[in-house]
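S.K.: sequence and predicted model, in that order:
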Amino acid sequence: MVFIPWHNVNLPAIVVELKWKQTAQTALDQIRERHYPESMKDYTGEVILCGVNYDKETKVHTCVIERV
């Protein structure tokens, strides 16, 4: 998922990858490997990458966030 803020709003764009029964780092790695941020090449603001994983057994979400 990609969230791009309205024009003239000083907020970063966010690229989010969701995983299930893996790791949040795996989600972040997929964002980089598949070059998802390049789909926003015309966007000139800050971009944040967010990898989220849900563990069904423990019912815990983990998240890794990185600024590009």
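M.R.: That came through, no problem.

S.K.: for the rest of this, base every contact and every neighbour count on C-alpha atoms.
M.R.: Will do.

S.K.: how near is the residue lying farthest from the centre of the chain to L28?
M.R.: Ranking residues of the chain by C-alpha distance from their mean position (Cα atoms, centre = their mean) puts E57 at the top, at 23.3 Å. Distance, E57 to L28, by Cα to Cα, to the nearest Å: 22 Å.

S.K.: next helix or strand past the worst-scoring helix or strand of the chain on mean pLDDT?
M.R.: Least confident helix or strand of the chain, by mean pLDDT, DSSP states H and E, is strand 2-3 with a mean of 94. Reading on from strand 2-3 to the C-terminus, the next helix or strand found by DSSP states H and E is strand 13-20.

S.K.: packing partners of whichever helix or strand comes after that following strand?
M.R.: Downstream of strand 13-20, the next assigned helix or strand under DSSP H and E is helix 24-33. Judged by 3 or more Cα pairs under 8 Å, 6 or more residues apart in numbering; DSSP states H and E, helix 24-33 is in contact with strand 13-20, strand 47-55, strand 60-67.

S.K.: would you mark the buried spots in helix 24-33?
M.R.: Of the residues in helix 24-33, those buried by neighbour count under the rule 16 or more other Cα atoms under 10 Å are A24, Q25, T26, A27, L28, I31.

S.K.: likewise stretch 44-55?
M.R.: Within stretch 44-55, the residues that count as buried by 16+ other Cα under 10 Å are V47, I48, L49, C50, G51, V52, N53, Y54.

S.K.: nearest to E17 among these?
M.R.: Nearest to E17 among those is G51, at 5.1 Å by Cα to Cα.

S.K.: who's in contact with the closest one?
M.R.: V16, E17, L18, K19, A24, Q25, T26, A27, L28, C63, V64, I65 (Cα atoms under 8 Å, 6 or more residues apart in numbering).
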